[in-house]
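In: got a structure for you, letters missing:
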């Protein structure tokens, strides 16, 4: 299928559902048959569309889904997703009723929250599944990994209505060469589990490996891993041993269109602030994409835009709805397709230019950018 065969107004992202399935199978090939894969589809599946992707991943055999908010979980449930779901972080106490009602697994890292979840479960006559969060070195949320919280966690797991489904932590630098720190985190995690087991506390799931951990530390997989970025065909930035990792296919391609072409004379300026001045007669192509679409203003004056396979520099500031490129000497015309990123033009390039990571690039693609899904070569307009 050619990009010119895709119908859209100003901008769209193509979501390759077959690539999602392929990446999931690549991940499964790196884990043992006894290790479950929970798929991280928070933040609307990193901008790809959580409901659509969750349906594909559920069909592929995903054991469950990781989310950031109650409403994200409810949206999946309301759209027919039946696999277990868990909230990886904070949920306000005002939403605990929904946690219990919808059977959502909740990360727990304070005794106060655990007691309120217990009270809500008893009130509803239901069970509340929890995942105890341990801070082994991320410094974010979680009970301390040392002995000081052992008794508190044991008490929490014995509360009425509480089902201690999981215990987990999060690697801080598994995508860097600091393997010693990652190993220390794992050792602290296993020590915590061991001490709790001596108190009669056990969990159905132990999970520590994120995307980088899955590929780089197979010995740390435990019974469950959490796959995020790699599901979407992207690798953690700067991750060591990249050449030894399984091949992945990018899921998202971002396209836009040239909406106007003109020539400006020497001395003419372009865009807000007049930060570009033409030093000769210049052919300018205006593209229908701007920072309101998630195309960062930090890409102004220099980022190379791929128009029909050739790269041209942005000139002047990126506007809310448009940006301009210098296409002098080309045959670029109105209606030509611009690939922001995609096959052969990875998100990493754009991320590197503005000093961020590829996660942020796909998450920032705006809601007004049309999502178009492709499966078995067939186009599904959202």
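Out: Thanks, I have the structure now. Source: prediction; values computed, not measured.

In: so what strands line up beside the lengthiest strand in the chain?
Out: For the chain, the longest strand by residue count, based on DSSP state E, is strand 252-264. Next to strand 252-264 in the sheet, as set by DSSP bridges, lie strand 11-16 (antiparallel), strand 282-287 (antiparallel), strand 337-341 (antiparallel).

In: got the buried residues for it?
Out: Residues of strand 252-264 classed as buried: 252, 253, 254, 255, 256, 257, 258, 259, 261, 264 (neighbour count, 16 or more other Cβ atoms under 10 Å). All C-beta atoms are positioned from the backbone trio N, CA, C, and that covers glycine.

In: the host helix or strand of residue 163 pairs with which strands, and in what direction?
Out: Assigned by DSSP states H and E, residue 163 belongs to strand 162-168. Strand pairing for strand 162-168, determined by DSSP bridges: strand 128-135 (parallel), strand 205-207 (parallel).

In: tell me which of these sits most buried.
Out: strand 128-135 (a mean of 24; mean count of other Cβ atoms under 10 Å).

In: which element follows that one toward the C-terminus?
Out: Trace forward from strand 128-135 with DSSP H and E and the next one is strand 143-144.

In: who does the next helix or strand after that following strand touch, helix- and strand-wise?
Out: Next helix or strand after strand 143-144 toward the C-terminus (DSSP H and E): helix 150-157. Helix 150-157 is packed against helix 111-124, strand 128-135, strand 162-168, helix 179-198, with contacts defined by 3 or more Cβ pairs under 8 Å, 6 or more residues apart in numbering; DSSP states H and E.

In: re earlier: pLDDT of the strand holding residue 163, averaged?
Out: For strand 162-168, mean pLDDT is 98.

In: just the buried positions in that strand, please.
Out: Neighbour-count burial for strand 162-168, counted by 16+ other Cβ under 10 Å, picks out 162, 164, 165, 166, 167, 168.

In: what do you get for stretch 173-181?
Out: Buried, per 16+ other Cβ under 10 Å, within stretch 173-181: 174, 175, 176.

In: look at residue 3 and report its pLDDT.
Out: 61.

In: got the domain boundaries for this protein?
Out: 31-231, 252-381 (automatic domain parsing).

In: distance between the longest one and the chain's centre?
Out: Chain-centre distance of domain 31-231: 16 Å, with Cα atoms, centre = their mean, to the nearest Å.

In: check stretch 343-352 too.
Out: With Cα atoms, centre = their mean, you get 15 Å for stretch 343-352.

In: next one: stretch 355-370
Out: 10 Å.

In: just the buried residues of strand 162-168 now: which is nearest residue 193?
Out: Among the buried residues of strand 162-168, residue 167 lies closest to residue 193 (Cβ to Cβ), at 6.3 Å.

In: circling back: and of the strands paired with strand 162-168, who's closest to residue 10?
Out: strand 205-207 (41.0 Å).

In: ok, and what's touching the closest one?
Out: Residues from elsewhere that reach strand 205-207 (Cβ atoms under 8 Å, 6 or more residues apart in numbering): 36, 38, 131, 165-168, 189, 193, 222-226.

In: okay, the strands paired with strand 252-264, which one's buried deepest?
Out: Comparing the strands paired with strand 252-264 by mean neighbour count (mean count of other Cβ under 10 Å), strand 11-16 ranks first with a mean of 24.

In: quick check: phi and psi at residue 249.
Out: phi -110, psi 130 (degrees, to the nearest 10).

In: surely it meets residue 16?
Out: Yes: with contact taken as Cβ atoms under 8 Å, residue 249 and residue 16 are classed as touching, separated by 7.0 Å.
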